[in-house]
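**Q** sequence-free structure coming up:
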């Protein structure tokens, strides 16, 4: 199915944004894996990617306002772009909180959710790449949904354990906030593929 013409600028920017998300998630995971000594460097690089993503989103919205005929519904273009922006913003926010809170050692649930976020970003990127080749996206979308469910399981178990065992109120708040923003990032990935599938169905 032809989702958008291959030379369509909107679609090219979606691909670029998905690639930025994948790169940002990999940087975050590298920082998480190596601890606080690397998180600050990763956060600075992620911030640069987030700023590039903001420029892309700005260009998409500006072009959307100036384009009389769009390849798909303007509302759908806006939704996809907005949800992609949400993912990248959330990854940047996670990195920022990791730097600010300096969790030591990095909790195991953070490491697990970070790995799941990397996989979600890869599946999201693959979904857009599949569309560029007129291939089916359903398997990648299902994978993002599965990873979101798995992240929910890790998150709920981590919160339960945290409130059961952590006696330091400040430490509890810091960990809880990091868990929440990581879980939200995978939610946003799911939001993207949900809209993507709606668009595919409408335009098939």
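**A** Received it, and whenever you're ready, just let me know what you need. Values in this document were obtained by computation on a predicted structure and should not be read as measured data.

**Q** buried stuff in the worst-scoring helix or strand of the chain on mean pLDDT?
**A** Least confident helix or strand, the chain: helix 36-66 with a mean of 90, by mean pLDDT, DSSP states H and E. Neighbour-count burial for helix 36-66, counted by 16 or more other Cβ atoms under 10 Å, picks out 36, 39, 42-43, 45-46, 49-50, 52-53, 56-57, 60. In this view, the C-beta of every residue, glycine as well, is placed from N, C-alpha and C.

**Q** separation between the nearest residue to residue 183 once chain neighbours are set aside and residue 179?
**A** In space, and not counting its chain neighbours, residue 183 is closest to residue 155: 4.2 Å by Cβ to Cβ, 6 or more residues apart in numbering. Using Cβ to Cβ, to the nearest Å, one gets 6 Å for the distance from residue 155 to residue 179.

**Q** What of residue 163?
**A** Taken as Cβ to Cβ, the span from residue 163 to residue 179 is 11 Å.

**Q** Between those two, which has more neighbouring residues?
**A** Per other Cβ atoms under 10 Å, whichever of residue 163 and residue 179 has more neighbours is residue 179, with 21 against 10.

**Q** Specify the local secondary structure of the more buried one.
**A** Going by DSSP: H, G, I helix; E, B strand; the rest coil, the secondary structure assigned to residue 179 is helix.

**Q** Which residues are in contact with it?
**A** By Cβ atoms under 8 Å, 6 or more residues apart in numbering, residue 179 lies in contact with 109, 110, 113, 155, 158, 159, 162.

**Q** Now the helix or strand hosting the third one: buried residues?
**A** Assigning secondary structure by DSSP states H and E places residue 113 in helix 108-132. The neighbour-count criterion (16+ other Cβ under 10 Å) identifies 109-110, 112-128, 130-131 as the buried residues of helix 108-132.

**Q** Ok, stretch 89-109 next?
**A** Result for stretch 89-109 [16+ other Cβ under 10 Å]: buried residues 89-95, 97-99, 101, 103, 106-107, 109.

**Q** that older thread, does anything pack onto the next helix or strand along the chain from the helix holding residue 113? Which helices or strands?
**A** Following helix 108-132 in sequence order, the next helix or strand is helix 138-165 (DSSP H and E). Secondary-structure packing of helix 138-165 (3 or more Cβ pairs under 8 Å, 6 or more residues apart in numbering; DSSP states H and E): helix 108-132, helix 169-202.

**Q** Can I get these in a markdown table including mean pLDDT and distance to residue 80?
**A** Output for the helices and strands packed on helix 138-165, formatted as a markdown table (pLDDT from 0 to 100; distance: least, Cβ to Cβ, whole Å):
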| stretch | mean pLDDT | distance to residue 80 |
| --- | --- | --- |
| helix 108-132 | 94 | 9 |
| helix 169-202 | 93 | 6 |
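
**Q** Having no further points to raise, I will conclude here.
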